[in-house]
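Q: need the 3D shape of this:
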Amino acid sequence: MQIHSETVELNDCIRKLNAIGDALVQKDPDTHSHALRVARYAMRLARRIGLSADDTSHIGIGGMLHDIGKLGLSETFFSNKSIARCAEVLQEAQRHPAIGVSLLKDIKFLAPVLDYIHYHHERMDGKGYPCGLKAGQIPLGAKIIAVSDWFDAMTTHRPYQKVKSPSDALELMRNAGGTHLCAHLVEAFTMEIEQNGVIQD
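A: Coordinates of the predicted model:
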């Protein structure tokens with residue numbers, strides 16, 4: 001009876017997760033494809049630094065879902081493609097990590113990844129969002145997703161910025177090491193890209 005109950009619960013969680021994913025694809029297909037790449041980069045980085053299979057899997061799931069909170073943003077956010085987004089739109093965008101956690105908090109098997117989703121925009125110097133956490137306060141999984149997120153955002157097409165080459169993106173990330181990103185992880189990520197290349201869709 002307990003096994004049956006757990007199977008029903010798991011199937012219900014998977015249905016909810018699929019529904020959330022489908023909704024994001026319909027609202028913003030670019031965000032969905034970005035999330036897939038971030039998940040793959042994050043797992044590659046997790047393996048490179050020697051994390052366990054379970055930790056790597058959790059980080060991959062966190063990478064896949066890191067922007068799911070954008071489902072809760074207004075149409076203004078998705079329709080504003082200008083380079084200089086207004087302060088109101090940027091302020092709204094900063095709500096997406098917390099919205100993501102709110103959407104996923106009742107899916108029990110996602111409990112290990114919620115902090116990764118919540119804190120992937122925190123910065124090493126404490127000037128990130130939503131909580132202003134500093135270096136050691138930020139979960140490792142969130143730091144890994146942040147590095148992967150930065151790289152993919154700079155090396156793929158965005159309406160508001162020009163695509164950068166992988167080498168240029170890595171150089172900018174090295175410059176951001178210690179302030180925005182974890183310098184140790186940027187170095188490991190650089191080695192991973194140099195040895196195994198970028199993800200080709």
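Q: C-alpha from now on. contacts and neighbour counts both.
A: Fine.
Q: for the most centrally placed residue in the chain, which non-adjacent residue is closest in space?
A: Ranked by distance to the mean C-alpha position of the chain (C-alpha atoms, centre = their mean), the top residue is residue 66 at 3.6 Å. Spatial nearest neighbour of residue 66, chain neighbours left out: residue 117 (4.7 Å); criterion: C-alpha to C-alpha, 6 or more residues apart in numbering.
Q: repeat that for residue 97.
A: residue 118 (4.7 Å).
Q: number of nearby residues for that neighbour?
A: Residues contacting residue 118 under the criterion other C-alpha atoms under 10 Å number 26.
Q: residues in contact with it?
A: By C-alpha atoms under 8 Å, 6 or more residues apart in numbering, the residues touching residue 118 are 66, 97, 98, 100, 101, 130, 142.
Q: quick one: it from residue 32, how far?
A: Distance, residue 118 to residue 32, by C-alpha to C-alpha, to the nearest Å: 18 Å.
Q: about what we covered before: mind listing which of the contacts of residue 118 are in helices?
A: 97, 98, 100, 101, 142 (DSSP state H).
Q: low-confidence bits of the chain, can you list those?
A: 1-14, 17, 25, 76-86, 159-160 (pLDDT under 70).
Q: could you rerun that using 80?
A: 1-32, 74-90, 158-161, 201 (pLDDT under 80).
Q: now for the residue nearest to residue 164 when sequence neighbours are not counted, how many residues are close by?
A: Spatial nearest neighbour of residue 164, excluding adjacent residues (C-alpha to C-alpha, 6+ apart): residue 155 at 5.0 Å. Per other C-alpha under 10 Å, the neighbour tally for residue 155 reads 18.
Q: return the distance of residue 155 relative to residue 114.
A: 26 Å.
Q: just residue 89 next, same as before
A: From residue 89 to residue 114 the distance is 24 Å (C-alpha to C-alpha).
Q: more neighbours, the two?
A: Using other C-alpha under 10 Å as the criterion, residue 89 and residue 114 rank with residue 114 on top: 22 against 15.
Q: list the contacts for the more buried one?
A: 62, 101, 104, 105.
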